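Engineer: Here is a sequence with its predicted model. Questions after.
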Amino acid sequence: MSRPPFAIGLTGGIGSGKSTVADMFAARGATIVDTDLIAHSMTAPHGPAMPAILSEFGPEFINDSGAMDRARMRQLVFADAGAKARLEAILHPRIRDAALAAGAAASGAYVIYAVPLLIESGTWRARVTRLLAVDCPEEVQIARVMARNNLPEAQVRAIMAAQVSRAERLAAADDVIVNNAGIDALEAQVARLHALYLQIRW
């Protein structure tokens, strides 16, 4: 499936503010395809990935509602690289195909694929025209995620360690939004890039 004429890959570390930035672009007319939301739908009760997850991991990883037990699966994949690879083999192709189908059907000014592990996955870079990274200091990331997800600092650092480094992410990006100075500063950066994308999208 071919990508739209102009597509942005939006990425950033956990707690960097990707969702806030995506919402700001959406308010300006961009179509947002959020792979996190697609992943949640895949592992929701009766989701498309649930039969394969049940077959691969067993009923102990399915909760009473029929969804994937996220907390239990998270513990497993952080402790077992093989289990992580097996889960990714189930989810990643399904997420990619659903995201590309949504992008192809989009009617917005341009498409933004919000992909937390865009750089790590290796398959997304060739499918987008430009890569946009949301950046903030790592200590800010940690504080945000601890407050938002009620996770201990050690677990947040483990999640961050599984992602590419901040330096690698910035080196790969065509555009960077720095999220460390409040909403007004964030809006100004989004407005500038939105104008750029409208100018160069064709």
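Structural biologist: Ah, there it is. Since this is a predicted model, take the numbers as computed values, not measurements.
Engineer: other SSEs contacting the lowest-mean-pLDDT helix or strand in the chain?
Structural biologist: Sorting the helices and strands of the chain by mean pLDDT, DSSP states H and E puts helix 118-121 at the bottom, at a mean of 81. Under the contact definition 3 or more C-beta pairs under 8 Å, 6 or more residues apart in numbering; DSSP states H and E, helix 118-121 sits against strand 7-12, helix 166-172. Every residue, glycine included, has its C-beta placed from N, CA and C.
Engineer: what is the orientation angle of the helix or strand following the first one with strand 7-12?
Structural biologist: Translated: strand 7-12. Per DSSP states H and E, strand 7-12 leads on to helix 18-27 as the next helix or strand towards the C-terminus. If you take axes from the mean of the first three to the mean of the last three C-alpha atoms, to 10 degrees, helix 18-27 sits at 150 degrees to strand 7-12.
Engineer: what's helix 18-27 packed up against?
Structural biologist: Looks like helix 18-27 contacts strand 7-12, strand 31-34, strand 111-114, helix 183-200 (3+ C-beta pairs under 8 Å, 6+ apart).
Engineer: let's see it at 10 Å
Structural biologist: For helix 18-27, the packing partners by 3 or more C-beta pairs under 10 Å, 6 or more residues apart in numbering; DSSP states H and E come out as strand 7-12, strand 31-34, helix 35-42, strand 111-114, strand 130-135, strand 175-178, helix 183-200.
Engineer: Domain boundaries for the protein, per the record?
Structural biologist: Domain segmentation of the chain under automatic domain parsing yields 1-30+108-202, 42-106.
Engineer: Run through the protein and note the low-pLDDT ranges.
Structural biologist: 1-5, 202 (pLDDT under 70).
Engineer: Hmm, A191 is touching V21, no?
Structural biologist: No - between A191 and V21 there is no contact under C-beta atoms under 10 Å: 11.6 Å.
Engineer: Which residue of those two possesses the greater neighbour count?
Structural biologist: Between A191 and V21, counted using other C-beta atoms under 10 Å, V21 has the larger neighbour count: 24 against 13.
Engineer: re earlier: of all the domains of the chain, which gets the most neighbours per residue?
Structural biologist: Neighbour counts (mean count of other C-beta atoms under 10 Å) averaged over each of those peak at domain 1-30+108-202, with a mean of 17.
Engineer: Could you identify the longest helix within this protein?
Structural biologist: Longest helix in the chain, counting residues (DSSP state H): helix 81-104.
Engineer: Which strands or helices does that helix pack on?
Structural biologist: Contacts defined by 3+ C-beta pairs under 10 Å, 6+ apart place helix 81-104 against strand 7-12, strand 31-34, helix 35-42, helix 50-57, helix 70-79, strand 111-114, helix 118-121.
Engineer: can you tell me which of the ones you listed comes nearest to A162?
Structural biologist: Proximity to A162, assessed across the helices and strands packed on helix 81-104 by C-beta to C-beta, is greatest for helix 70-79 (7.5 Å).
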